[in-house]
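Chemist: next come a sequence and a model predicted from it.
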Amino acid sequence: MNAVEIEEAVSELANQPFDAAEFPFDFLVAFGNKETTVKRLRTASANASDVAGGVLQKSNIHIATCAEGKVGETLVALRTSPKTASNKAKFILATDGVSFEAEDLTSGETVVCDYPKFPDHFGFFLALAGITTVKQIRESSFDIRATGRLNKLYVELLKDNPEWATAARRPDMNHFMARLIFCFFAEDTDIFNGEGVFTSTIEQMSDRDSSNTHEVIGTLFRAMNTKIVDRATANLPRWANGFPYVNGGLFSGSTEVPRFSKIARSYLLHIGGLNWKLINPDIFGSMIQAVADDDERGALGMHYTSVPNILKVLNPLFLDDLREKLADAGDNARKLLNLRNRISRIRVFDPACGSGNFLVIAYKQMREIEAEINKRRSEPDRRTDIPLTNFRGIELRNFPAEIARLALIIAEYQCDVLYRGQKEALAEFLPLDAENWIVCGNALRLDWLSVCPPTGTGVKLVADDLFHSPLDQAQIDFTNEGGETYICGNPPYLGSKRQTEEQKSDLEWVFKDQTEDWKPLDYVSGWFLKAAMFSKHSVASAAFVSTNSICQGQQVSILWPLIYATGNRISFAHTSFTWTNLATYNAGVTVIIVGISNATRSTATLYSKDADGAEFSRDVANINAYLIAGDDVLVEARRTQVSGLPEFYRGNSPTDGGHLVLDGNDVNLLALSPLQKEKFIRPFVGSMELIRGISRFCIWIDEADIDEALSVPSISRRVEQVKAFRLASPKVATRKAANWSFRFDERKPLPEVPSICVPVTSSENRSFLPVGMLPAGTVISNLAFGMPCSEMWVLGLVASRMNLVWVAAICARMRTDYRFTNTLGWNTFPVPRLTEKNKQDLTRSAEEILLAREAHFPSTIADLYDGDDMPENLRIAHERNDEVLERIYIGRRFRNDTERLEKLFQLYTKMTESDGNKRKAVRK
């Protein structure tokens, strides 16, 4: 269950008549416990509670119901119960159906409320459901509750108004929901001159059978679009005439409302009964967006963009600088005035704004700084100098764009109330204006300079409708004095293989005049290049959340020279971290944050995590495209090893339909003689076989032995099956390979010496690459790389932490897993010149690694290299190997991976600068 589902279940429980015997079990079900779990707890053997009326779930909660008036002493009994401690309960809860009390035994926090109000505190107990983002949910508990209610209403309305679900009418439906959200907020914040007047008017004036509910709402909408001076001739009923003129296009156009069933009317009234003063525009928009998106509704409740995560973008982009200037200004009135004037001219532009999270948070943070300035200047009641029109956005979809503007309007009002008071906020809130600063369109196709002009007056046409403006330009007339522009956001990622044809066309549109090699790029690359191009015409800096693939592998040498060519450099960066949401399993994607700027600066700030996961930052001279402190080196694939080391080759590709590759049983079924088996069967090792210790084989026929092999019926049948498989392929190259169906499609000479083998893909949870040493004559598959090499010191290099961190930084990843390549990962790996003594030491340490593995036979590499469960003797062997190698680099152990990478980049730069061939890296 996600947070929305839990809130709904808890609210439903509170609305039912209190049943003392059943409450503990119903409460557990509401938090996602399975019926089988609850059924077991009903038995005396599973329920270890020693408190009357109690139910104890081990490692979770101790609940007890009691007689009226006994809640306090029952809670004490639960707290002091030996069973509570011995069963490691996290929570205790007592209720008599009138009062409700609970305590978090870990933090000491408590909940005390009337029984009907306990759903307001559902976030307090979310750890029971395995949800770890409890703090964020508690802070947004209203948004979650409102989202669930709105979703029910939305689904119910579409059920009775199916035509509103069509592509033609969906914008009308979404517009209707945006109007409702505004009305719910307005009626609880005195914008409508009284609390609850919108909901109470609908309740009083619409029939209980809901037959005229749509007419009543439509009339109210019409009133809110009618100027006060026009009311006399507007033929409005008295009960609607008291609503203010809202303007801003929010209620312009059609006032048609979908028809309501009795259930839909009930949902509407329940939504109106919520306290909409608590709305949090920081995240509300992204959750409401899920209501109107069929693809996202299944994940309702998971749409939460953590405010701290957003501030990881905004703080180093510009907010930290503003706060530093505020601290420097102290109480100096002139400095404070200059800073306030500067803030009033700053534009924040999110060209993938969704429902406006980044813009809303930026606005609220800037208002907080401005309020402190006004306080220090003894002007606490001063009207804000920060216009909403300075917060620009582009969004592809209609409804999120509407919600983004609505969220900003709500944020502005809440800030006015907070910093100036309710009276002043109300006096200036209505009527809204019709300026449209959230553009609905394709950000990669639009001209950003027209949406967010650097100086002067913008586009002349002013919209007469808040939401229905042309899609190809900003509809706003404003004058800007040439202040700073900060571009930010969380654009769609989408690797090249997941892009639609339209998205590929978008990238071509952006990159066509810049490079012909754009096809491998992630979709997010388009935003980075457009931001860099924008900064050529304006004082601007940008920062985006992105997958780390744009700073790995071949994308680096394609994208970053183009960005560098605009004069931009990386101004700050967050290395990989998880961008979480509200899912029960705390799902998230691994991302980076990269800030770019063409402003001259002496340092850049690099944010990373230490071994314990704590974030730290440091100022460095330069951050390169791999997010490493160092020169702007672009590492390109090489055909030869930069340090003169032996080289890897990609393994053999069967393309056989499974007929040449065999397991042990398949080999037995071939019924070969010992001589035939020795001649035509070889061990076969790829990624899975090496890591999991799986034993597989393959048929291996040399050209000189074709006739002899095909004279064996069991082999001949399999060769014919390979031929049929290849001939059926739609690929020309595969059909051509049917001419040599006796062998692998692509194969390398069989090594006559042992081979070092490395899988193409390896889990990021391993501290070392899962390298192995294979006997001579082993066939390595195309899912691994092989190096014919009997010198063990090379194994020590491949198995080192130095090699792993280089591969992790330089090679593209498969999701978050390491992806090893020979030309880019190994051939570029810089190693100092090794003496014979160095090689002897590395040989000894590599042998110790293999011996440590052997000591744990039959454990596999997957078993032995399983994160923290790595055997101590194997860990010590690797530590010894790393110490030997790292002393060769710098005479001591490196302190961390960051220091390792910085040294590797320095050495790579030095080696490629003196390299006479033309494969050396491009330096900017």
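Modeler: Received it, and whenever you're ready, just let me know what you need. Residues are numbered from 1 along each chain as shown.
Chemist: okay, CA-based contacts and neighbour counts for the rest of this
Modeler: Will do.
Chemist: parallel or antiparallel, list what pairs with the host helix or strand of L56.
Modeler: For L56, the element it lies in under DSSP states H and E is strand 54-57. Strand 54-57 pairs in its sheet with strand 61-65 (antiparallel), by DSSP bridges.
Chemist: quick one: average pLDDT of the partner strand?
Modeler: pLDDT averaged over strand 61-65 equals 96, rounded to a whole number.
Chemist: what does it contact?
Modeler: Outside strand 61-65, the residues within contact range by C-alpha atoms under 8 Å, 6 or more residues apart in numbering are 20-21, 23-24, 49, 51-56, 71, 74, 78, 84, 89-96, 128.
Chemist: of the residues you listed, keep whichever come out buried.
Modeler: The neighbour-count test (16 or more other C-alpha atoms under 10 Å) marks 20, 23-24, 49, 51, 53-56, 71, 74, 78, 84, 89-96, 128 as buried among those.
Chemist: endpoints of stretch 695-714, how far apart?
Modeler: Length of stretch 695-714, first residue to last, C-alpha to C-alpha, to the nearest Å: 21 Å.
Chemist: circling back to that earlier point, which of the contacts of strand 61-65 fall within helices?
Modeler: With helices defined by DSSP state H, the entries of the contacts of strand 61-65 inside them are 23-24, 71, 74, 78, 84.
Chemist: out of these, who's nearest D160?
Modeler: Proximity to D160 was ranked across these by C-alpha to C-alpha; first place goes to F23, at 35.3 Å.
Chemist: excluding its backbone neighbours, what's nearest that closest one?
Modeler: On the basis of C-alpha to C-alpha, 6 or more residues apart in numbering, the spatially nearest residue to F23 that is not a chain neighbour turns out to be T65, at 7.7 Å.
Chemist: count the neighbours of that neighbour for me.
Modeler: 26 (other C-alpha atoms under 10 Å).
Chemist: for stretch 534-554, buried residues please.
Modeler: Going by neighbour count (16+ other C-alpha under 10 Å), the buried part of stretch 534-554 is 534-535, 538-554.
Chemist: how about stretch 832-852?
Modeler: For stretch 832-852, the buried set under the neighbour-count rule, 16+ other C-alpha under 10 Å, comprises 839, 841-850, 852.
Chemist: could I get the full set of strands for the stretch 101-250 of the chain?
Modeler: Counting by DSSP state E, counting those that start in this stretch, residue ranges of the strands within the stretch 101-250 of the chain are 110-114.
Chemist: count of neighbours near L645?
Modeler: Using other C-alpha under 10 Å as the criterion, L645 is surrounded by 16 other residues.
Chemist: just the pLDDT at P119, thanks.
Modeler: 89.
Chemist: isn't it right up against V10?
Modeler: Yes: with contact taken as C-alpha atoms under 8 Å, P119 and V10 are classed as touching, separated by 5.7 Å.
Chemist: residues in contact with H175?
Modeler: H175 makes contact with 399, 402, according to C-alpha under 8 Å, 6+ apart.
Chemist: state the distance from it to F142.
Modeler: Summarising the geometry, the distance separating H175 from F142, computed by C-alpha to C-alpha, is 22 Å.
Chemist: can you check R569 too?
Modeler: In this view, R569 and F142 are 42 Å apart by C-alpha to C-alpha.
Chemist: okay, the two: which has more neighbours?
Modeler: R569 (25 against 22).
Chemist: does that one touch R601 like I think?
Modeler: No: the pair R569 and R601 does not pass the contact test of C-alpha under 8 Å, sitting 9.7 Å apart.
Chemist: tell me the pLDDT of the closest residue to R169 other than its chain neighbours.
Modeler: Of all residues beyond its chain neighbours, the one nearest R169 is E163 (6.8 Å), with distances taken as C-alpha to C-alpha, 6+ apart. As summarised for this prediction, E163 has a pLDDT of 95.
Chemist: now for E163, how many residues are close by?
Modeler: Residues lying near E163 (other C-alpha under 10 Å) number 14.
Chemist: and the longest strand anywhere in the chain, which residues are buried?
Modeler: With residue count as the measure and DSSP state E as the assignment, the chain has strand 569-580 as its longest strand. Under the neighbour-count criterion of 16+ other C-alpha under 10 Å, strand 569-580 has 569-577, 579-580 buried.
Chemist: which parts of the helix or strand that it is followed by are buried?
Modeler: Where DSSP H and E defines the elements, the next helix or strand beyond strand 569-580 is strand 588-597. Using 16+ other C-alpha under 10 Å as the test for burial, strand 588-597 gives 590-597.
Chemist: which other helices and strands contact the helix or strand K375 falls within?
Modeler: When secondary structure is defined by DSSP H and E, K375 falls within helix 357-376. Helix 357-376 makes packing contacts with helix 281-291, helix 307-314, helix 320-329, helix 333-345, strand 347-350, strand 391-395, helix 398-420 when contacts are defined by 3 or more C-alpha pairs under 8 Å, 6 or more residues apart in numbering; DSSP states H and E.
Chemist: going by neighbour count, list what's buried in that helix.
Modeler: Counting neighbours by 16+ other C-alpha under 10 Å, one finds that the buried residues in helix 357-376 are 357-367, 369-374, 376.
Chemist: same deal with stretch 811-826?
Modeler: Counting neighbours by 16+ other C-alpha under 10 Å, the buried set in stretch 811-826 is 811-813, 816, 818-826.
Chemist: these two touch, right, F725 and H659?
Modeler: No: counting by C-alpha under 8 Å, no contact exists between F725 and H659, whose distance comes to 9.2 Å.
Chemist: can you tell me the element the closest residue to E752 other than its chain neighbours falls in?
Modeler: For E752, ignoring the flanking residues on the chain, the nearest one in space by C-alpha to C-alpha, 6+ apart is A776 at 5.1 Å. When elements are defined using DSSP H and E, A776 is found to belong to no helix and no strand.
Chemist: contacting residues around A776?
Modeler: A776 is in contact with 751-755, counting by C-alpha under 8 Å, 6+ apart.
Chemist: still on that earlier bit, let me have the buried residues of strand 569-580 in a markdown table, extended by distance to V732.
Modeler: Below are the buried residues of strand 569-580 laid out as a markdown table (distance: C-alpha to C-alpha, whole Å):
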| residue | distance to V732 |
| --- | --- |
| R569 | 45 |
| I570 | 45 |
| S571 | 48 |
| F572 | 48 |
| A573 | 45 |
| H574 | 45 |
| T575 | 43 |
| S576 | 41 |
| F577 | 43 |
| W579 | 43 |
| T580 | 44 |
